[in-house]
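Asker: test case, fold it:
(one chain, ligands or ions: 1)
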Amino acid sequence: MKNDILKRLRYSLGKDAGAASVQDWRMALSLVLRDQLVDVWLDSARRAEVNASKRVYYLSMEFLIGRLIEDMISNLGLDAAARDAVEALGQDYDMIVHDEPDAALGNGGLGRLAACFMDSLATLGIPAFGYGIRYEHGLFEQSFVDGAQAESPETWLSQRHVWEFERPEVQHRIGFGGHVSRDGGRATWHPDNMVVATGYDTPVVGWQGEWGNTLRLWSAKPVNPFDLESFNRGDYLAASRSEALARTISRVLYPDDTTENGKELRLKQEYFFTAASIMDLMCRHMEEDGDIRALPEHVAIQLNDTHPAIAGPELVRLLVDDHGLAMAEAITLARRCLAYTNHTLLPEALERWPEGLFARVLPRHLEIIREIEAAQQAEFPGSPHILEHGDVCMGELAFVMAHKVNGVSALHTDLVKKTVFAELHRIHPTRIVNQTNGITPRRWLHGCNPALRDLITQQLGDTWVSDLEQLAALKAKRSDTSFIQAFQQAKRSNKVALSNWISETCGVALDPDAMFDVQIKRIHEYKRQLMNLLETVALWNEMRDDPDRDWTPRVKIFGGKAAPGYVLAKQIIHLINDVARVVNADPATKGRLRIVFPPNYNVTMAERLIPAADLSEQISTAGKEASGTGNMKFALNGALTIGTLDGANVEIRDHVGSENFFLFGLTASEVVDRRHQHGFSRAAIEASPRLQRVLGQIFEGRFSPEDPHRHHGLIGMLYDHDHFLVTCDFDSYYDTQRRADVVFQNSRNWASMALMNTASMGWFSSDRTIQGYARDIWQADAPRSALER
Ligand code: 26Y
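Answerer: Okay, here's the model as predicted:
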């Protein structure tokens with residue numbers, strides 16, 4: 001391996017060892033690893049083709065993959081070999097693996113889920129492609145300027161992305177705009193604008209390197225590199241205008257995870273990657289099989305939310321306009337290929353496009369959508385409309401064009417049936433199914449938590465990594481003193497490592513024996529970081545009032561980005577930083593309460609924070625968080641959850657036992673009832689002197705003396721339109737936190753509860769989730785059968 005690295009350094013990067021930087025070493029090592037992936041990857045592709053396996057196509061606007069190098073190393077079983085080789089070359093191994101940029105091609109949960117699914121598909125040996133966009137700039141970088149969020153462009157591609165293979169030969173022309181002509185019965189779309197989608201392939205190899213799939217990301221290029229005529233005239237700007245326009249399409253990830261409706265570029269991005277993916281899989285099918293009517297036997301297309309929902313009309317367009325099928329047959333055939341995953345009930349996150357915009361960008365698709373609508377109404381009169389109030393409703397479109405629709409946790413699926421798609425569910429009672437989310441144990445335990453991983457492997461051997469339910473055997477150890485001590489030791493070493501990192505990055509010293517209480521996720525009103533912060537201020541008050549009490553020391557850790565246009569979320573960030581500044585400077589609570597908010601939360605930061613957490617904050621307003629997946633990562637790594645009955649929290653609590661979970665708050669149906677009560681938030685505030693005091697302090701500028709009015713907007717919101725019931729759940733949350741304080745004082749008991757969490761989380765492996773999709777939705781090759789052939 002050492003020689004391979006030197007060879008790559010020399011012949012692929014053109015450097016000799018004396019001149020190589022950390023980045024050069026990292027790239028050389030990565031290229032050596034990539035070589036090893038290629039054999040299994042190509043072999044898998046060949047086997048899928050020979051066996052004419054059904055392939056899964058996972059279409060997602062987002063793949064939040066993070067760094068890949070450690071995954072690649074451990075999947076290939078090369079941990080020791082890689083470290084030895086790098087050290088023999090006189091280089092710092094940890095520095096090298098930490099040099100890789102974090103690929104942030106996603107906003108949050110939906111994108112990270114797609115990445116976990118790719119890992120599980122490969123581990124289970126299910127032939128699959130992930131299809132998405134190769135954004136030049138991923139999610140913006142966050143910094144804090146005087147406590148306020150500032151954004152700057154992310155630049156992961158400023159250096160070569162070593163894992164990918166550019167495929168200049170894999171190109172599809174994607175049209176926009178123009179008009180539709182008719183010749184006899186046959187329609188032809190004449191776009192007035194074209195871009196080329198070029199594929200970039202990253203191999204995704206599963207655990208132990210037995211099977212490899214492809215993540216194919218599309219980049220937009222101009223059809224003609226530049227306009228020679230304008231160039232010759234000396235008009236250089238005009239000469240490159242079409243190139244700039246084309247490249248804009250894959251330039252940047254939309255940083256909003258709820259509302260980007262009506263933005264033309266976003267619609268173009270959605271159509272761009274969806275059309276390229278559909279054309280790509282159709283070409284593959286026609287080459288391999290040749291019978292277009294056999295498509296559903298070979299192709300399962302999963303739509304990750306409505307973002308790729310244009311896949312339905314696009315598939316129908318190709319079947320009718322290019323392959324000459326009748327409209328009705330085309331719709332039925334397309335539906336047998338398509339399935340749709342819903343990730344949200346928030347009304348503002350359900351995509352709608354103005355018909356006028358649609359007609360301008362995708363005129364032929366709008367006609368087809370009208371036909372789909374007409375067919376649906378003819379068969380099911382009174383069915384909910386796809387075209388409504390001058391909008392194209394993508395949720396309804398995705399539902400009608402899918403043979404299965406799934407929610408992402410039991411509670412969420414139940415609410416999908418009762419709320420957003422109640423009427424469609426009545427008409428199609430077997431279409432909606434549940435597939436509770438999961439997380440890959442490779443990254444979220446084996447990779448990120450070596451201390452706990454080694455302890456578990458000592459006990460169980462290492463087959464748990466691809467069969468996570470084996471962790472249940474650890475339950476027998478809950479009263480085993482020496483095992484519990486080792487479990488505590490693993491957590492403590494993770495907390496020490498995190499403390500060192502926080503002290504370097506935030507300049508705040510932490511006590512590793514304090515309770516590490518962590519809330520990391522996008523900043524959203526419904527996720528209620530604000531409630532966590534109000535509780536922190538209340539705790540600070542009580543600590544100052546009663547300094548002699550035996551307080552449980554706490555470290556409150558926040559992490560997360562706010563969408564740049566989400567004003568309220570940004571105010572919450574500012575308030576957290578303001579409170580942190582005052583509390584951390586207070587000698588009265590020194591050693592007892594600390595607040596830290598490291599900037600630029602991303603996958604890599606999650607990998608540091610999760611293994612070091614004692615308490616996991618999963619406190620969304622019940623009925624609002626579709627599932628959550630961070631909740632699973634924490635519990636797997638031995639944190640206890642403080643949470644509401646929302647999303648997958650419900651199932652996590654069922655698995656780990658209610659005695660090992662801190663439950664509080666209103667239930668989803670109580671939330672609905674409470675909202676109907678006039679003046680509910682003022683009533684809640686009046687009933688809670690503790691909350692009143694906190695709100696008063698913030699209002700008076702106790703935490704922002706330089707700008708005392710800064711947080712008036714937030715406080716006013718809580719009084720007058722507390723849509724997410726922060727005020728109503730506050731007392732119950734505060735009391736539950738104090739219960740957690742008491743439990744934490746008995747560290748042995750806490751550790752045994754934490755162990756019960758780890759031991760009970762096997763079901764939340766994304767391997768189980770993917771097996772569910774394969775069984776209930778894709779009818780894809782039974783897991784592993786592709787490997788056995
Ligand atoms: C409309 C567009 C701008 C948009 C872009 C991104 C809308 C939504 C999103 C992202 C949504 C998302 O991340 N949802 C999360 O999906 C996770 C995986 O299922 C869930 O665990 C989590 O509860 C849900 O909020």
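Asker: quick check, pLDDT for Ala244.
Answerer: For Ala244, the model assigns a pLDDT of 87.
Asker: now the residue of the stretch 351-500 of the chain found nearest the ligand. Nearest residue, chain neighbours left out?
Answerer: Ranked by Cβ to the nearest ligand atom, the top residue of the stretch 351-500 of the chain for proximity to the ligand is Val408, at 4.0 Å. C-betas here are computed from N, CA, C, even on glycine. Nearest residue to Val408, sequence neighbours excluded (Cβ to Cβ, 6 or more residues apart in numbering): Ser627, at 4.1 Å.
Asker: show me what the strand or helix carrying Asn749 is packed up against.
Answerer: Taking DSSP states H and E as the criterion, Asn749 maps to helix 747-760. Applying 3 or more Cβ pairs under 8 Å, 6 or more residues apart in numbering; DSSP states H and E, one finds that helix 747-760 contacts helix 481-506, helix 630-636, strand 640-643, helix 649-656, helix 726-745.
Asker: other residues contacting it?
Answerer: Helix 747-760 is contacted from outside by 452, 456, 471-475, 477-479, 483-484, 487-488, 491, 614, 635-641, 655-657, 659-660, 743-744, using Cβ atoms under 8 Å, 6 or more residues apart in numbering.
Asker: pull up the gap between the residue lying farthest from the centre of the chain and Pro225, please.
Answerer: The C-alpha centroid of the chain is most remote from Arg233, which lies 48.2 Å away (Cα atoms, centre = their mean). As judged by Cβ to Cβ, to the nearest Å, Arg233 and Pro225 stand 17 Å apart.
Asker: repeat for Asn434
Answerer: Applying Cβ to Cβ to Asn434 and Pro225 gives a distance of 49 Å.
Asker: look at these two and report which has more neighbours.
Answerer: Asn434 (17 against 12; other Cβ atoms under 10 Å).
Asker: the helix or strand where Leu452 lies packs against which elements?
Answerer: Using DSSP H and E, Leu452 falls within helix 450-460. Helix 450-460 is packed against helix 481-506, with contacts defined by 3+ Cβ pairs under 8 Å, 6+ apart.
Asker: does the helix or strand that the helix it packs on is followed by reach the ligand?
Answerer: As assigned by DSSP H and E, the chain's next helix or strand after helix 481-506 is strand 515-520. No - using Cβ under 6 Å from any ligand atom, strand 515-520 stays clear of the ligand, with a minimum separation of 13.4 Å.
Asker: tell me the strands beside strand 515-520, with direction?
Answerer: strand 554-559 (parallel), strand 615-618 (parallel) (DSSP bridges).
Asker: which one of those strands is the most hemmed in?
Answerer: strand 615-618 (a mean of 28; mean count of other Cβ atoms under 10 Å).
Asker: what average pLDDT does that strand get?
Answerer: Strand 615-618 shows a mean pLDDT of 99.
Asker: closest residue of the stretch 101-250 of the chain to the ligand?
Answerer: The ligand sits closest to Gly109 of the stretch 101-250 of the chain, with a gap of 2.9 Å, by Cβ to the nearest ligand atom.
Asker: contact partners for that residue?
Answerer: Residues in contact with Gly109 (Cβ under 8 Å, 6+ apart) are His343, Lys521, Ala626, Ser627, Gly628, Thr629, Gly630.
Asker: same for the ligand: which of the residues you listed are within range?
Answerer: Contacts with the ligand within the contacts of Gly109, as defined by Cβ under 6 Å from any ligand atom: His343, Ala626, Ser627, Gly628, Thr629.
Asker: among the residues you listed, who's most crowded?
Answerer: Once you tally neighbours by other Cβ under 10 Å, Ala626 ends up highest among the ones next to the ligand among the contacts of Gly109, having 28 neighbours.
Asker: so what's the nearest residue to it once chain neighbours are set aside up against?
Answerer: Leaving aside its sequence neighbours, Ala626 sits nearest to His412 (Cβ to Cβ, 6+ apart; 4.5 Å). If you count contacts by Cβ under 8 Å, 6+ apart, His412 has them with Asn342, Leu345, Asn434, Ala626, Ser627, Gly647.
Asker: what number of residues lie near the nearest residue to the third one once chain neighbours are set aside?
Answerer: For Asn434, ignoring the flanking residues on the chain, the nearest one in space by Cβ to Cβ, 6+ apart is Thr413 at 3.7 Å. By the measure other Cβ under 10 Å, the count of residues near Thr413 is 21.
Asker: surely Thr413 and Ile432 touch.
Answerer: Yes - with contacts counted by Cβ atoms under 8 Å, Thr413 reaches Ile432, the gap being 6.5 Å.
Asker: what is in contact with the two at once?
Answerer: Shared contacts of Thr413 and Ile432, defined by Cβ under 8 Å, 6+ apart, comprise Asn406, Gly407.
Asker: and the nearest residue to Lys495 once chain neighbours are set aside, its phi and psi?
Answerer: Beyond its immediate neighbours in the sequence, the residue positioned closest to Lys495 (Cβ to Cβ, 6+ apart) is Pro512, lying 4.2 Å away. The phi/psi pair for Pro512 (degrees, to the nearest 10) reads phi -70, psi -10.
Asker: picking that back up, and the residue nearest to Val408, which of the three is it?
Answerer: For Ser627, the assignment made with DSSP: H, G, I helix; E, B strand; the rest coil gives coil.
Asker: check Asp776 too.
Answerer: Assigned by three-state DSSP, the conformation of Asp776 is helix.
Asker: same deal with Met717?
Answerer: Secondary structure, three-state DSSP: Met717 is helix.
Asker: list phi and psi for the nearest residue to it once chain neighbours are set aside.
Answerer: The spatially closest residue to Met717, leaving aside those adjacent along the chain, is Leu568, at 7.0 Å (Cβ to Cβ, 6+ apart). With angles defined as degrees, to the nearest 10, Leu568 sits at phi -60, psi -40.
Asker: next, count neighbours for Leu568.
Answerer: Residues within reach of Leu568, counting by other Cβ under 10 Å, total 14.
Asker: Ala562 now?
Answerer: Counted by other Cβ under 10 Å, the residues lying close to Ala562 total 23.
Asker: so it sits against Ile523, correct?
Answerer: Yes - using Cβ under 8 Å, Ala562 makes contact with Ile523 at a distance of 4.2 Å.
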